[in-house]
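Trainee: sequence plus the predicted model coming up.
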Amino acid sequence: MFNFVCSLWKKRCLLLLLPLVLLCGCSPLWASQASPAPTFGAHQASPVPTSGAQTAFTSYVGKWEVHGSLLSLNANHTGLEQWNVGPCSDAGQMCNGNAHITFSENADGSIKGTIQSVSYSQWNGDPAPTGFQPNAADPRAGDTFQFQHSGAHLLYTTWFGARLSYLNNSNRHWCDSSALKAGWKQCGA
């Protein structure tokens, strides 16, 4: 190396080589292989922060279950809750309640659900029989609740409003597929 530098010096090329060495020393390729040099007064670009609530919402997307109910949460902030309402006719036909829900994000990472509409159908997909009367305590359009994570595989529900506050005294957990496979007791009755 010493002989190479001496030969360049004799040819007066060292002065031309010096700016090139300095430029290469500051290149991104070199910087990625060496420790970062101190930046005195310079401001480096920071990654654009992602909304914590937006990032948190994706952790709610998927299928959730509890005894007698299934909840599907979609990435577009909508969802469908289906629950067993029991026999819906004298003939013993079984029916589901179907609540269409929209979700908004809360600053603390929880999400708020607002029921948009409720319908009833038989388990075979047909509409509920004529004369079917749903339970007055069933959720209705306009009812609201909140979900927050209770560990990695559980959601915890808080219902708002006096009409459905009694639901806060029963099982308030929803389980994902991992919790269901593991047989967690929160997924049962």
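Mentor: Arrived safely.
Trainee: flag the shaky bits of this protein, pLDDT-wise.
Mentor: Scanning the chain with the threshold set as pLDDT under 70 gives 1-55, 189.
Trainee: can you pull out the helices in it?
Mentor: If you assign secondary structure with DSSP state H, the helices in the chain sit at 2-10, 14-25, 28-33, 52-58, 177-182.
Trainee: residue contacts, the residue positioned nearest the centre of the chain?
Mentor: Central residue of the chain (CA atoms, centre = their mean): residue 58, 2.1 Å from the mean position. For residue 58, the contact set (CB atoms under 8 Å, 6 or more residues apart in numbering) comprises residue 75. Yep, even glycine has a C-beta here, placed from its N, CA and C like the rest.
Trainee: figure out how far stretch 165-175 is from the centre of its chain.
Mentor: Using CA atoms, centre = their mean, to the nearest Å, we find the averaged C-alpha position of stretch 165-175 to lie 21 Å away from the chain's own average C-alpha position.
Trainee: now do the buried residues in that stretch.
Mentor: Buried positions in stretch 165-175, judged by neighbour count with 16 or more other CB atoms under 10 Å: 167, 171-175.
Trainee: mind putting these into TSV with distance to residue 101?
Mentor: Rendered in TSV, the data for these read as follows (distance: CB to CB, whole Å):
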residue	distance to residue 101
167	15
171	19
172	16
173	17
174	13
175	18
